[in-house]
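Chemist: Structure, please.
(one chain, ligands or ions: 1)
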Amino acid sequence: MAIDLYTWGTPNGKKVSIMLEEVALPYTVHPINITKDEQFSPDFLAIAPNNKIPAIVDSDTGVTMMESGAILFYLAEKTGMLMPTANDERYRAIEWRMWQMGGFGPQLGQAHHFHHFNPGKSDYAEDRFLKETQRLYRVLDKHLSVRPYMAGTTYSIADVATWPWAARFAWHGADLNAFPNVKRWYLELAERPAVQKGYAVPTAQDIPMP
Ligand SMILES: N[C@@H](CCC(=O)N[C@@H](CS)C(=O)NCC(=O)O)C(=O)O
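Modeler: Okay, here's the model as predicted:
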């Protein structure tokens, strides 16, 4: 197998398994159970010094890589897929892929932490991250109101990165029915065989339906 994927059943992990399915590269899955602190094992730290999944090792090139954003760029470059080539859409794909990394991921993750897993522990934090979640959904909904995909006309790494986070809408209190353009995009991508296969890594899970 060309790629070894170190992952767990989280949105950041599923981004990479969806990407690998989309670009049809063979890969071997190595589950890293982050609830049992396996991310701190010396073997894993050797490839992912930030002790977070996902990470990959590409035996074709010897490249090891952590950080889902970097991994998606790497796989797009390796395969020539899911990165638009026309400059405008290419820059949009980079821009929205970074938007996901900086906002529609870290902020939603904090909403999961305070609102879903630890409700009542900090009203301030719940309020802050739920509000930021709503703001990010409004931004995405407006963006998708005039283009089918995040980069424009082309399905890209920006969509692959963002979709698994939207799939946790129940955890961060987002009603997709209130964001019709996000819902349209979410449902369309949920039909893609690669999204369905990649979402089931490392273990099968039903795709949540709004
Ligand atoms: N910026 C990183 C974030 C990765 C991340 O937060 N991974 C979480 C699971 S989604 C993790 O491994 N947490 C384990 C820990 O914090 O010890 C990326 O996009 O790859």
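Chemist: okay, CA-based contacts and neighbour counts for the rest of this
Modeler: Noted.
Chemist: so who does G120 touch?
Modeler: F114 (CA atoms under 8 Å, 6 or more residues apart in numbering).
Chemist: mind checking the SS state of it?
Modeler: Per DSSP: H, G, I helix; E, B strand; the rest coil, the local secondary structure of G120 is coil.
Chemist: Quick check: phi and psi on it?
Modeler: As for G120, its main-chain torsions (degrees, to the nearest 10) stand at phi 90, psi -10.
Chemist: now swap in W99 and tell me
Modeler: Per degrees, to the nearest 10, the backbone of W99 is at phi -60, psi -40.
Chemist: Tell me the confidence at it?
Modeler: Per-residue pLDDT puts W99 at 98.
Chemist: And the one 4 residues further on, by the same measure?
Modeler: G103 carries a pLDDT value of 98.
Chemist: With N87 instead?
Modeler: pLDDT, N87: 86.
Chemist: In contact with it, which residues are there?
Modeler: Per CA under 8 Å, 6+ apart, neighbours of N87: none.
Chemist: swap the cut-off to 10 Å and go again
Modeler: Shown in contact with N87 (CA atoms under 10 Å, 6 or more residues apart in numbering): A93.
Chemist: Repeat that for the one 4 residues further on.
Modeler: Taking CA under 10 Å, 6+ apart as the criterion, Y91 is in contact with 83-85, 97, 151.
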